[in-house]
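Participant: need a structure here:
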Amino acid sequence: MARRKRTDNTRNPSGVGSFYYSEKDGYYHARVTVGIRDDGTPDRRHVMRKNEADAHEAYRKLLDMRDKGTVRKPGRPWKVKDWLTHWVENIAAPTVRRNTLVGYRAAVYGYLIPGIGAHRLDRLQPEHLESLYRKLATTTGKHGKTLRPATIHQAHRTVRTALGEAVRRGHLTGNPAQVARPPRVPDEEITPFTKEEAQQILKACHSRRNGARFILALTLGLRKGEALGLQWRDIDYEGRTITVRRSLQPVKWQHGCSENDPCGRRHAGHCPQRHGGGVIAQEVKSRAGRRTVGVPAQVVATLREHEHNQQLERAQAGDLWHDEDWVFTNRLGRPVHPRSDHKEWKDLLNDAGVRDARLHDARHTAATMLLVLGVPSRAVMDVMGWSHIGMTTRYQHITSELSTSIADKMGGLFWPGEDGDADHGSAD
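Facilitator: Numbering: from 1, shown residues only. Below you'll find the predicted structure:
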């Protein structure tokens, strides 16, 4: 191809950069100003090719990226490892909740960096992520079991969030994790308690210490952290309301011993010099979570009785009592640890003589009972502390009682006044 020369004393129009051939090196060059650098100087990009057609293609591509705002920031490209480390420690750590950060770090350091950390950030492809997910699906964990799909999905959500931040900051032009297909998480089979089972549990609650805590779970659907985070100032007996302001969250213990003089305990919780663990109170996650809910009169009476019993325990403990205003405490006034709360729930189910179930199933039960009562979805959202109406489909279940009720109403609509057991037709 013959090389084209520009007519003397002419120049490209403003804004389209420059394209020229250099006799010195025998290359075609294109230079385009794509923006302004952090120091205020023009960000001028340069491409060079031996072949004129290739140079024109690179030139047009650079102009197109500039016009679309997808030009990567100047500077040496990030490695995935470096970006993930920077993101989790410097961007996520100061802004997210403690437990969220624990999950991010577990995914970043446990799965993402070992699996894709050596890639250049701007060259990471969806296929690289999907290959990692397949590999993780066959990886055995500490207990000899393969990773659950939910664990792999959590790693996918983490890298999607981290790469999304890279896109917002101009280090990437697109997020490959938005395209990558994570493994499917099987739908969890959840069966809310029947009305009879719930009544058995409520009856057993009255004979147990802190039983009122589980009554709140079944009747109001309070989350574990929300119930354990209640303080007496959150309860209005006269107005029959409870205001949810905070959530109690567990925090892992840290070893206090030194490397030169280790305690020899595998778990930091058993270290004689442990520190930083236990529980902490945090504000609820969302504006919807901070809510005031009405309380049935029967639950108000139960809370009054619970407060009276707590006053007796306070007097018995004397100076050992920690007066921190918690509604549900251990025998010395400290907040209940979620691990202890879990054990209490399992013991309660055993005492009530009902099937084993998660504590979170009590929240599903409360939401389902609101469906049975015909409470409007918008009001259900307020009671449960949801931000999106779609949560109703996840938590509200069609029970056998509700199905029968619907069938009876349908029969009453089409066959008014007739007994459902009557013979509506004959083959004779």
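
Participant: closest to the centroid, which residue in the chain?
Facilitator: Thr100 (7.2 Å; Cα atoms, centre = their mean).

Participant: okay, that one: pLDDT?
Facilitator: Thr100 is assigned 88 on the pLDDT scale.

Participant: are we agreed that it is in a helix?
Facilitator: Yes. Assessed with DSSP: H, G, I helix; E, B strand; the rest coil, Thr100 lies in a helix.

Participant: excluding residues flanking it in the chain, which one is nearest it?
Facilitator: Counting by Cβ to Cβ, 6 or more residues apart in numbering, Ala92 is the residue found nearest to Thr100 once chain neighbours are left out, at 7.9 Å. C-beta: built from backbone N, CA, C; applies to glycine.

Participant: quick check: that neighbour vs Glu52, distance?
Facilitator: 47 Å (Cβ to Cβ, to the nearest Å).

Participant: those two: which is more packed in?
Facilitator: Of the pair Ala92 and Glu52, Ala92 is the one with more neighbours under other Cβ atoms under 10 Å, namely 19 against 16.

Participant: and that one, what does it touch?
Facilitator: Shown in contact with Ala92 (Cβ atoms under 8 Å, 6 or more residues apart in numbering): Thr100, Leu101, Tyr104, Thr161, Ala162.

Participant: residues contacting the third one?
Facilitator: Okay, so that is Tyr104. By Cβ under 8 Å, 6+ apart, the neighbours of Tyr104 are Val88, Ala92, Val96, Thr158, Thr161.

Participant: in stretch 79-89, what counts as buried?
Facilitator: Neighbour counts over stretch 79-89 (16 or more other Cβ atoms under 10 Å) mark Lys79, Val80, Lys81, Trp83, Leu84, Thr85, His86, Trp87, Val88 as buried.

Participant: export those residues to CSV and tack on distance to Asn350 and secondary structure?
Facilitator: Formatted as CSV, those follow (distance: Cβ to Cβ, whole Å; DSSP: H, G, I helix; E, B strand; the rest coil):
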residue, distance to Asn350, secondary structure
Lys79, 53, strand
Val80, 49, helix
Lys81, 48, helix
Trp83, 49, helix
Leu84, 45, helix
Thr85, 46, helix
His86, 49, helix
Trp87, 45, helix
Val88, 41, helix
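
Participant: can I get those residues in TSV including distance to Lys203 and pLDDT?
Facilitator: Formatted as TSV, those follow (distance: Cβ to Cβ, whole Å; pLDDT from 0 to 100):
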residue	distance to Lys203	pLDDT
Lys79	60	94
Val80	56	96
Lys81	56	96
Trp83	56	96
Leu84	51	97
Thr85	53	96
His86	55	95
Trp87	51	97
Val88	48	96
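
Participant: which of the residues you listed sit farthest apart?
Facilitator: Lys79 and Val88 (14.5 Å; Cβ to Cβ).

Participant: what's around Ile36, how many residues?
Facilitator: Ile36 is flanked by 10 other residues according to other Cβ under 10 Å.

Participant: I'd guessed it sits against Pro42; true?
Facilitator: Yes. Contact criterion Cβ atoms under 8 Å: Ile36 and Pro42 qualify, at 6.4 Å.

Participant: and Asp122, what does it touch?
Facilitator: Arg72, Pro77, Trp78, His171, Leu172, Thr173.

Participant: backbone phi and psi for the fourth one, please?
Facilitator: According to degrees, to the nearest 10, the main-chain angles of His171 amount to phi -80, psi -20.

Participant: so where do the helices sit in the stretch 1-150 of the chain?
Facilitator: Using DSSP state H, counting those that start in this stretch, the helices of the stretch 1-150 of the chain run over 52-68, 80-86, 98-107, 113-116, 126-137, 149-168.

Participant: pull out the buried positions in the longest one.
Facilitator: Applying a neighbour-count criterion of 16+ other Cβ under 10 Å, one finds 149, 151-152, 154-156, 158-163, 165-166 buried in helix 149-168.

Participant: what does the fifth one give?
Facilitator: Using 16+ other Cβ under 10 Å as the test for burial, helix 126-137 gives Leu129, Glu130, Leu132, Tyr133, Leu136.

Participant: may I see these organised as JSON lines, with distance to Trp386 and pLDDT added?
Facilitator: Shown next, in JSON lines, are the buried residues of helix 126-137 (distance: Cβ to Cβ, whole Å; pLDDT from 0 to 100):
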{"residue": "Leu129", "distance to Trp386": "31", "pLDDT": "97"}
{"residue": "Glu130", "distance to Trp386": "32", "pLDDT": "97"}
{"residue": "Leu132", "distance to Trp386": "33", "pLDDT": "96"}
{"residue": "Tyr133", "distance to Trp386": "30", "pLDDT": "95"}
{"residue": "Leu136", "distance to Trp386": "31", "pLDDT": "93"}
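
Participant: pick the one among the residues you listed closest to Thr393.
Facilitator: Among the buried residues of helix 126-137, Tyr133 lies closest to Thr393 (Cβ to Cβ), at 26.7 Å.

Participant: shouldn't the closest one be in contact with Thr151?
Facilitator: No. Taking contacts as Cβ under 8 Å, Tyr133 lies outside contact range of Thr151: 10.7 Å.

Participant: list phi and psi for the closest residue to Leu129 other than its chain neighbours.
Facilitator: Nearest non-adjacent residue to Leu129, counting by Cβ to Cβ, 6+ apart: Ala180, 4.0 Å away. Main-chain torsions, Ala180, degrees, to the nearest 10: phi -60, psi 140.

Participant: quick one: pLDDT of the closest residue to Asn309 other than its chain neighbours?
Facilitator: Computed as Cβ to Cβ, 6+ apart, the closest residue to Asn309 that is not its neighbour in sequence is Arg209, at 7.6 Å. According to the prediction, Arg209 has pLDDT 95.

Participant: count of neighbours near Arg209?
Facilitator: Arg209: 15 neighbours (other Cβ under 10 Å).

Participant: now do the one 3 residues further on
Facilitator: Applying other Cβ under 10 Å, we find 23 other residues in the vicinity of Ala212.

Participant: and what about it, helix, strand or coil?
Facilitator: Assignment for Ala212 (three-state DSSP): helix.

Participant: which ones are touching it?
Facilitator: Neighbours of Ala212 in contact, by Cβ under 8 Å, 6+ apart: Cys205, Val299, Thr302, Leu303, Glu305, His306, Phe328.

Participant: recalculate using a threshold of 6 Å.
Facilitator: Residues counted as contacts of Ala212 (Cβ atoms under 6 Å, 6 or more residues apart in numbering) are Thr302, Leu303, His306.

Participant: can you pull the buried residues of stretch 333-341?
Facilitator: Gly333, Pro335, Val336, His337, Pro338, Asp341.
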